[in-house]
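Peer 1: next come a sequence and a model predicted from it.
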Amino acid sequence: MLCSLRQWRHYHRLAQPLSKLTSSIPVAAVFYDERPPVGTVTAPVDTASDILHGLRGYGAHQFLSGDYFHRSIAWKLDVNTVDEVVERLKFEWPELAVGFYGILKRDHGFRHSRKCGFVVAHILARLHRVNDLREIIMGIIQEEGSGSAPFLSEVLGKSFLGWDSHCLVWDMFAFCYSRLEMLSDALVVLATMKDLNMQPSVFTYNSLLQNLKNTALIWDIYNELRVRGITESRYTKPIIIDGLCKQSMLRQAVKFWQETEKGGACIVSFNTIMSALCGTGLIDVAKSFFSMMLKQGLIPDTYSYNILIHGLCLVGSMEEALQCADNMEKYGVEPDIVTYNTLVKGFHLLGLEGATDQVVHKMLMKGLDPNTRTYNILLCGYCQTGKFEDAIRLIHEMITKGLPLNIISYSVLLSCLCKMGQLDKAITLLDDMETTGVKPDVIFYSILIHGLCKIREVEKAIQLCNDMYERSMFPSSFTHGSILSGLFDDGMVAEARIYFDTLSSCNFRVHIVLYNIMINGYVKSGCIGDAVRLYKQIIEKGMNPSIVTFNSLIYGFCRSRKLFMARRLLETIKTFGLVPNSVTYTTLMNGYYDDGDICAVLELFREMVAANVSPTHVTYTVLIKVLCSQERWEEAYKVLENMYVKGLKPDPVTYNTIIQGLCKAKNVKMALQLHNEMLLHGVQPSLVTYDILMNGLCVYGDLGDADKLLRSLENQQINLTKVVYTTLIKAHCVKGDISTAISTFHCMLQKGFEETLQCANQDLFGIMSMGSYLYSIPVKAATDYGSPRLQGMYA
């Protein structure tokens, strides 16, 4: 895993504006381009004196930017000289010393000594320029690195002990170590300050508490703060409360709040507790704290309302969330962009995209412009609901308004383009985003690589993976998994194994997910032996197989008719502490069904129910196939009804299974009724459904009903398969109705089946010449979870 390095911010300009630096210094009318006129001042005798002479006469900026400095002094400037200049300026001209130090560092890249940095730090502390003091100490610590506290403490203790504002410098060192998350160093500085009888500030303690709030050390720091008599700030207790909440210790957090804030509750503490309660779904308790806040005379701020609105949105109480937003204005608190973004996201999570538009409209009416986060939420909503064109329109709107697209915006846009199949634009997007300064991350690359693998562009996907390595980004298991799946989908089994072995040899930690993809790929390619060898490799490496591993192997054994091995794996699963799931049982049931062992199927179903494993609609479909094969139609129909009772929605394959069985049993009337019921339940029949129905009507039903069904489907503009037309044509020919057969044949041609003209003519004229009988004609039927295709037979 790539450890991201903290990017330290650059130093801010330390020098004050010229007017501030030279408020008591004579300012020259021109830049210091010449040496001072002879006779006006005493000529300096060395470089340090020369610099002091120029600084006192013309100020830091004019002197250091002048031609004389660049021509005569800069080339011979060294650390000792600069130290001497700063040392001689520190008391009489402190502002000038700071300006000289800062300009040399910023404009000339001069590297000062550690001593010089400490001197300037003490000058800044005496001048109470806290922000500049923090910047310079941050720089020193960053340069010295982690573990430098003992050495720097020794230098400070020996060389600067008698300085004014010495305590502030020490305190700032402890604070900066804490802010840079060098916590051991911060504790060393605090311990040394205690030995020197120096009092750290509450800000330093708060910073340490913030960094240690998820550990037990927080109590040691807090107790020390109280023992030393340091006055707490309004954020001290909320930090501890937040720490307890983050550790899922809500009871302890509330108890601490009750015990320590008896004298007057703090709104920050209320907000912290309410935020934790909302995050765990305890919205009613959070509302109680909100009411308590009002009773104690505290006026909730925008953050308080936003916390409550966020909690209500998480539990789907959108009406109450809107009511809370309206109450804000009644109590004189204006909703902000966060309020509206929270509402937009709440409606988005519920799939109510129309309501999000109303919230955005209200936001605009309030004079608030949607920001990048608002647009990102809307983009996610459009993408998830398949409104890709609307998502792209929104991106153009963002660009028009001058809103910066961040990595989330680009990732959502990329996902839309991939789902729309516009991979060329998706690849171009990679270059476009970099021109705007947005760097692609691992997630962005993963989406693009996954999209390329879906359209069989595996070679381009591998090239992008190599680009990631060149950018020092390590692809995730998801990325490698997409490539492996793409190789298997392309039938490149050997290449997939080479890629997998390369990952293993490159010290990449091969996750079980990648093993599962390989095993599943082998199984679907008919290489069950290779799949088993990989499974053994998992065990040898001491890895834990997942339920997906076993489900893939069981499917492989069922497919190769090795049901004994598949059944043995069901028992092996339990030895690894895993529980067989619905996929496990359903795969085995379907395997036994294909093998004709109906008793084993029913036994497995009973075992599944006894193990409290909930059957899925696929499980019930297999069970229906079993019942239909035994012509137990009423039981099959009861199973179908039971699916709705259990909240499972049958899919077209489930209905096709029963319809196909009914047609075989010459009960076409019941099959048509089931088709109508299918429509009433909102299940859209598949093309296979109509193939089965047409075959049933032509073989066992009324040809008039078949013609009516065809006209009805054509009126509904349902695109039928060629099988529907050829089945009907051959049926009319068998019945001797050649005219209707030819008419149907012309209809078929009008539907765009011209490529079948020669074959259809041969069939048509062959039937007309034979007249008396028709050989069996294959009819495309349902592909039901491994069952063979139905063959429609005419005699």
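Peer 2: Good, I have the coordinates. Residues are numbered from 1 along each chain as shown.
Peer 1: can you list the low-confidence ranges for the chain?
Peer 2: 1-45, 161-165, 261-265, 507, 754-795 (pLDDT under 70).
Peer 1: phi first, then psi, for the residue nearest to the spatial centre of it.
Peer 2: The centroid of the chain falls nearest to Ile443 when counting by Cα atoms, centre = their mean (7.4 Å). Backbone torsions of Ile443, given as degrees, to the nearest 10, read phi -60, psi -40.
Peer 1: and what of Arg456?
Peer 2: phi 70, psi 30.
Peer 1: re earlier: spatially nearest residue to the residue nearest to the centre of the chain (excluding sequence neighbours)?
Peer 2: Computed as Cβ to Cβ, 6 or more residues apart in numbering, the closest residue to Ile443 that is not its neighbour in sequence is Ser411, at 5.9 Å. (Glycine included, C-beta is placed from N, CA and C.)
Peer 1: just to revisit the earlier point, and the gap between the residue nearest to the centre of the chain and Tyr382?
Peer 2: From Ile443 across to Tyr382, the span is 19 Å (Cβ to Cβ, to the nearest Å).
Peer 1: and if you look at Ile573?
Peer 2: 42 Å.
Peer 1: check Met643 too.
Peer 2: Distance from Met643 to Tyr382, by Cβ to Cβ: 33 Å.
Peer 1: again with Phe175
Peer 2: 46 Å.
Peer 1: what number of residues lie near the residue lying closest to Glu631 once chain neighbours are set aside?
Peer 2: The shortest distance from Glu631 to any non-neighbouring residue, by Cβ to Cβ, 6+ apart, is to Ala665 (5.9 Å). A count of nearby residues for Ala665, using other Cβ atoms under 10 Å, gives 15.
Peer 1: over to the one 10 residues further on?
Peer 2: By other Cβ under 10 Å, 19 other residues sit near His675.
Peer 1: confirm it sits in a helix?
Peer 2: Yes - per DSSP: H, G, I helix; E, B strand; the rest coil, His675 lies within a helix segment.
Peer 1: report the contact partners of it.
Peer 2: His675 makes contact with 655, 659, 685, 689, 693 under the criterion Cβ atoms under 8 Å, 6 or more residues apart in numbering.
Peer 1: now do the last one against Cys628, distance only.
Peer 2: When distances are taken as Cβ to Cβ, Leu693 and Cys628 turn out to be 16 Å apart.
Peer 1: out of those two, which sits in the more crowded spot?
Peer 2: Leu693 (27 against 22).
Peer 1: residues in contact with stretch 175-184?
Peer 2: 6, 134, 137-138, 141-142, 146-147, 149, 185-186, 189, 201, 203-204, 207-208, 211-212.
Peer 1: put the alpha carbons of that stretch into PDB.
Peer 2: Coordinates of the C-alpha atoms in stretch 175-184 are reproduced here as PDB (Å, rounded to 0.1, in the frame of the first residue of the first chain):
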ATOM      1  CA  PHE A 175       1.800  22.900  19.700                       C
ATOM      2  CA  CYS A 176       3.500  22.500  16.300                       C
ATOM      3  CA  TYR A 177       4.800  19.000  17.100                       C
ATOM      4  CA  SER A 178       1.200  18.100  18.000                       C
ATOM      5  CA  ARG A 179      -0.200  19.700  14.800                       C
ATOM      6  CA  LEU A 180       2.300  17.800  12.700                       C
ATOM      7  CA  GLU A 181       1.200  14.600  14.500                       C
ATOM      8  CA  MET A 182       4.600  14.100  16.000                       C
ATOM      9  CA  LEU A 183       2.900  13.300  19.300                       C
ATOM     10  CA  SER A 184       5.900  11.700  21.100                       C
END
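Peer 1: can you pull the buried residues of it?
Peer 2: 175-180, 182-183 (16 or more other Cβ atoms under 10 Å).
Peer 1: number of nearby residues for Ile742?
Peer 2: 15.
Peer 1: equivalent analysis for Gln422, please.
Peer 2: 16.
Peer 1: could you pull up phi and psi at it?
Peer 2: phi -90, psi 70.
Peer 1: strands of the stretch 251-400 of the chain, start to end?
Peer 2: Counting by DSSP state E, counting those that start in this stretch, no segments of the stretch 251-400 of the chain form strands.
Peer 1: which ones are touching the residue nearest to Ile443?
Peer 2: Here Ser411 is in contact with 443-444, 447 (Cβ under 8 Å, 6+ apart).
Peer 1: can I get those residues in JSON lines with distance to Gly486?
Peer 2: Listed next are the contacts of Ser411 as JSON lines, based on distance: Cβ to Cβ, whole Å:
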{"residue": "Ile443", "distance to Gly486": "18"}
{"residue": "Phe444", "distance to Gly486": "18"}
{"residue": "Ile447", "distance to Gly486": "14"}
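Peer 1: nearest to Leu430, of those residues?
Peer 2: Top of the list for closeness to Leu430, among these and by Cβ to Cβ, is Phe444 at 7.8 Å.
Peer 1: any idea how far Val438 is from that closest one?
Peer 2: Applying Cβ to Cβ, the value for Phe444 to Val438 is 9 Å.
Peer 1: swap in Lys460?
Peer 2: Taking Cβ to Cβ, one finds Lys460 at 22 Å from Val438.
Peer 1: count the neighbours of Thr549 for me.
Peer 2: 25.
Peer 1: with Phe388 instead?
Peer 2: Neighbour number of Phe388 under other Cβ under 10 Å is 19.
Peer 1: same question for the one 5 residues further on.
Peer 2: One way to gauge burial is a neighbour count; for Arg393, by other Cβ under 10 Å, it gives 12.
Peer 1: just Cys747 next, same as before
Peer 2: Neighbours of Cys747 using other Cβ under 10 Å come to 16.
Peer 1: distance-wise, check it relative to Asp707.
Peer 2: For Cys747 relative to Asp707 (Cβ to Cβ), the value is 11 Å.
Peer 1: now do Glu677
Peer 2: On the measure of Cβ to Cβ, Glu677 and Asp707 end up 23 Å apart.
Peer 1: what of Met363?
Peer 2: Taking Cβ to Cβ, one finds Met363 at 58 Å from Asp707.
Peer 1: of the two, who's got more company?
Peer 2: Comparing Met363 with Asp707 by other Cβ under 10 Å, the one with more neighbours is Met363, at 22 against 18.
Peer 1: off-centre distance for stretch 385-395?
Peer 2: 19 Å (Cα atoms, centre = their mean, to the nearest Å).
Peer 1: can you point out the buried residues in it?
Peer 2: Within stretch 385-395, judged by 16+ other Cβ under 10 Å, the buried ones are 388, 390-392, 394-395.
Peer 1: CA atoms only: put that stretch into PDB for me.
Peer 2: The C-alpha coordinates for stretch 385-395 follow below in PDB (Å, rounded to 0.1, in the frame of the first residue of the first chain):
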ATOM      1  CA  THR A 385     -31.100   6.500 -12.100                       C
ATOM      2  CA  GLY A 386     -29.600   6.100 -15.600                       C
ATOM      3  CA  LYS A 387     -30.200   9.800 -16.600                       C
ATOM      4  CA  PHE A 388     -26.700  10.000 -18.100                       C
ATOM      5  CA  GLU A 389     -27.600  12.800 -20.600                       C
ATOM      6  CA  ASP A 390     -28.900  15.000 -17.700                       C
ATOM      7  CA  ALA A 391     -25.700  14.300 -15.800                       C
ATOM      8  CA  ILE A 392     -23.600  15.500 -18.700                       C
ATOM      9  CA  ARG A 393     -25.900  18.600 -19.100                       C
ATOM     10  CA  LEU A 394     -25.200  19.300 -15.400                       C
ATOM     11  CA  ILE A 395     -21.400  19.100 -16.000                       C
END
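Peer 1: other residues contacting that stretch?
Peer 2: 351, 353, 375, 378-379, 382-383, 405, 409, 412-413, 416-417, 419-420.
Peer 1: gap between the nearest residue to Met433 once chain neighbours are set aside and Leu429?
Peer 2: Spatially, and ignoring its direct neighbours in sequence, Met433 is nearest to Tyr410 (4.9 Å; Cβ to Cβ, 6+ apart). Per Cβ to Cβ, Tyr410 is found 7 Å from Leu429.
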